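Visitor: Sequence and predicted structure below; questions after.
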Amino acid sequence: MPIFGLYLRITPIKFMNNLSRLCVAFMSLFFGHVSYAQYTDIINSNRPSESFSAFSVGESIFQVEGGASYVNEKMKKSDAKARGFFMDLDIRYGFLFEELEFISELQYRKETYQIPHEVYDKRSFMSKTAFGFKYLVYDPFKNYVEKPNIYSWKANHSFKWRQFIPAVAVYAGVNLNFADNPYIPSDRFEASPKLMLILQNQFNGGWVFITNIALNNISSDYSTTEGILTVTKAINRKWSGFGEIQGIKGDNYNDIFLRTGAAYLLDDHLQLDISIGKNFNTSRDIIYGGVGASWRFTLNYRDLFFYRVLEEGSAGPDGMIPEEEIDPDAIVDETEGVVGEEIPAEAVSGEPDLEAPTSIPNTEDTNTPTDDNTPTE
């Protein structure tokens, strides 16, 4: 029986084997499918915060986010102590739609603990195993193009009320408890669902606000309601910082955590991070700090292009036709006498930028939404 941590008794779910099929079908039928790119030029990572961003990594994008942390915990009444480390590994994969993302969350913990007047003992196990799907329901900047005012600098840099409209995503997943887990009092394999609402706003100056509201371990005796508010600020193109508060409320466990940290963009596909955290609870003290990294694989991603067809009568009213409607045999290499020329979507006059802007990077004072929790400019 473990001394520390939240004890969860998880209720079995018979249809667990069909979870992925059910989640995909539900999200597809209820929210529909729109083709809008989530991929960004620069990696969008959830690290080092604990919250989920509203945006996905992009269709066919594979991303790994992991880290290691040292933790020190003490029970206030009994003086029992525990110290050790835990390792996190999150795997994100975009598939089927640009808005849909599969997420796996794994955490391995190893620690030494002591009860007063007794010898030290050690324990280790997978303290967290969860799988789920996230779907972007609404993006306030989708198909929205803000036309600049060529007569007024002030008008172009004034406050935009649209910033208060959040991007909205939903998450549905399952927590798994394996037999003999010392962190969860159960001697058999069990599972319990988790649902989450995700909101994301970006404001001028590189500020991003993310809100997560979750129902965790639903149907168990230790179900909790959780909320996370994350604020990030782009310092420059490479560096960003964040602050976060998380509240957990349940019949058997209540806690508040504060976290802060920073992220550094090493290159377009690799981000490094560092963070610390502290809880505020009347029964125990927890403090931890760690480092991590996020990396993405983009080789399978294919950009969406429009083609300006030069041959008379072969294009629409705007002289543009989508790539999927182009006959590949009709496209001739530029060196052989151009029949059609490839033009990035953002260069097309009158068409919105189909590439979702990134929040870890490279633009200044953008009003477009970002795809992660740790933007940099």
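Guide: Received it, and whenever you're ready, just let me know what you need.
Visitor: only C-alpha atoms for contact and neighbour calcs from this point on.
Guide: OK.
Visitor: can you pull out the strands in the stretch 151-300 of the chain?
Guide: Ranges of strands within the stretch 151-300 of the chain are 167-177, 190-203, 207-216, 224-234, 239-250, 254-267, 270-279, 284-297, based on DSSP state E, counting those that start in this stretch.
Visitor: Quick check: which ranges of the stretch 101-250 of the chain have low pLDDT?
Guide: 119, 149, 154-159, 183-188 (pLDDT under 70).
Visitor: ignore the last one, the stretch 251-377 of the chain
Guide: For the stretch 251-377 of the chain, the ranges with pLDDT under 70 are 300-377.
Visitor: what do you get if the cut-off is 90, keeping everything else the same?
Guide: 251-253, 281-284, 297-377 (pLDDT under 90).
Visitor: which residues are contacting whichever strand in the chain runs longest?
Guide: With secondary structure taken from DSSP state E, the chain has its longest strand at strand 121-138. Residues from elsewhere that reach strand 121-138 (CA atoms under 8 Å, 6 or more residues apart in numbering): 20, 23-24, 27, 31, 54-56, 99-114, 167-177, 181-183.
Visitor: For my notes, please list the strands of the stretch 151-300 of the chain in JSON lines and give distance to Glu73 and mean neighbour count for each entry.
Guide: Listed next are these as JSON lines, based on distance: least, CA to CA, whole Å; neighbours: other CA atoms under 10 Å:
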{"stretch": "strand 167-177", "distance to Glu73": "23", "mean neighbour count": "23"}
{"stretch": "strand 190-203", "distance to Glu73": "26", "mean neighbour count": "22"}
{"stretch": "strand 207-216", "distance to Glu73": "23", "mean neighbour count": "22"}
{"stretch": "strand 224-234", "distance to Glu73": "21", "mean neighbour count": "22"}
{"stretch": "strand 239-250", "distance to Glu73": "18", "mean neighbour count": "20"}
{"stretch": "strand 254-267", "distance to Glu73": "13", "mean neighbour count": "19"}
{"stretch": "strand 270-279", "distance to Glu73": "10", "mean neighbour count": "21"}
{"stretch": "strand 284-297", "distance to Glu73": "5", "mean neighbour count": "19"}
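Visitor: can I get these in CSV with distance to Gly132?
Guide: As requested, those are arranged in CSV below (distance: least, CA to CA, whole Å):
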stretch, distance to Gly132
strand 167-177, 4
strand 190-203, 8
strand 207-216, 12
strand 224-234, 17
strand 239-250, 20
strand 254-267, 24
strand 270-279, 23
strand 284-297, 19
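Visitor: Out of the ones you listed, flag the one nearest Lys160.
Guide: strand 190-203 (8.5 Å; CA to CA).
Visitor: rewinding a little: closest to Ala68 out of the strands of the stretch 151-300 of the chain?
Guide: strand 284-297 (5.5 Å).
Visitor: Need the CA coordinates for the closest one. PDB is fine.
Guide: Output of strand 284-297 as PDB, limited to C-alpha atoms (Å, rounded to 0.1, in the frame of the first residue of the first chain):
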ATOM      1  CA  ARG A 284       1.700  17.300   2.500                       C
ATOM      2  CA  ASP A 285       4.400  19.300   0.800                       C
ATOM      3  CA  ILE A 286       5.600  18.500  -2.700                       C
ATOM      4  CA  ILE A 287       8.300  20.300  -4.600                       C
ATOM      5  CA  TYR A 288       9.900  19.200  -7.900                       C
ATOM      6  CA  GLY A 289      12.000  20.500 -10.800                       C
ATOM      7  CA  GLY A 290      13.000  19.000 -14.100                       C
ATOM      8  CA  VAL A 291      14.200  19.400 -17.600                       C
ATOM      9  CA  GLY A 292      12.800  18.100 -20.900                       C
ATOM     10  CA  ALA A 293      12.800  18.200 -24.700                       C
ATOM     11  CA  SER A 294      10.300  18.000 -27.500                       C
ATOM     12  CA  TRP A 295      11.000  16.700 -31.000                       C
ATOM     13  CA  ARG A 296       8.800  16.200 -34.100                       C
ATOM     14  CA  PHE A 297       9.100  14.100 -37.200                       C
END
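Visitor: Much appreciated, bye for now.
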